[in-house]
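**Student:** Based on what follows, work out the 3D shape:
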Amino acid sequence: MATKVVTPNYKKVKRIKKEDVNTSPIPKFSYKSAFIIVISAALSCFFLPNMLAIFGVDTRITTMIGNAVIISFAVCYCHYFIETDKGFHKNFIGMYLGFFIAIGIISYFWLYIGLYM
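**Tutor:** The predicted structure is shown next:
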């Protein structure tokens, strides 16, 4: 029978292994995160473009830029600061840029080409 090696950080390693068993590769969002994302989507789709339309700015371009900037930041903020407490680092920036590009392309197709149904 193999001998068991006990290290000074044995309890810490054991605790980390138990936490790793319960994690899933699919990110989960709490009600707080979902609320923040929905509010940011409403802000970027409805309120921001209509407020800037008063000053004569085109609503399509403000909706497209607002969606890309605000929604992608809200998703990344919720994932890295609320759900996982990882904080701000290079993965945050990479995820933000990925969502920024994806949401920008989706908004372009939605607003300029009319592919929303």
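
**Student:** Just give the nearest non-adjacent residue to the residue nearest the centre of the chain, would you?
**Tutor:** Nearest to the mean C-alpha position of the chain, by CA atoms, centre = their mean, lies residue 75 at 1.8 Å. The shortest distance from residue 75 to any non-neighbouring residue, by CB to CB, 6 or more residues apart in numbering, is to residue 99 (5.6 Å). (Glycine included, C-beta is placed from N, CA and C.)

**Student:** Also residue 96?
**Tutor:** residue 76 (4.6 Å).

**Student:** Where does the one you found sit, in terms of helix or strand?
**Tutor:** helix 72-77 (DSSP states H and E).

**Student:** name the helices or strands packed onto that helix?
**Tutor:** The criterion is 3 or more CB pairs under 8 Å, 6 or more residues apart in numbering; DSSP states H and E, and the helices and strands that helix 72-77 contacts are helix 31-42, helix 90-108.

**Student:** quick one: it to chain centroid distance?
**Tutor:** Its chain's C-alpha centre and that of helix 72-77 lie 3 Å apart, by CA atoms, centre = their mean, to the nearest Å.

**Student:** about what we covered before: quick one: contacts for the residue nearest to residue 96?
**Tutor:** 92, 95-96, 99 (CB atoms under 8 Å, 6 or more residues apart in numbering).
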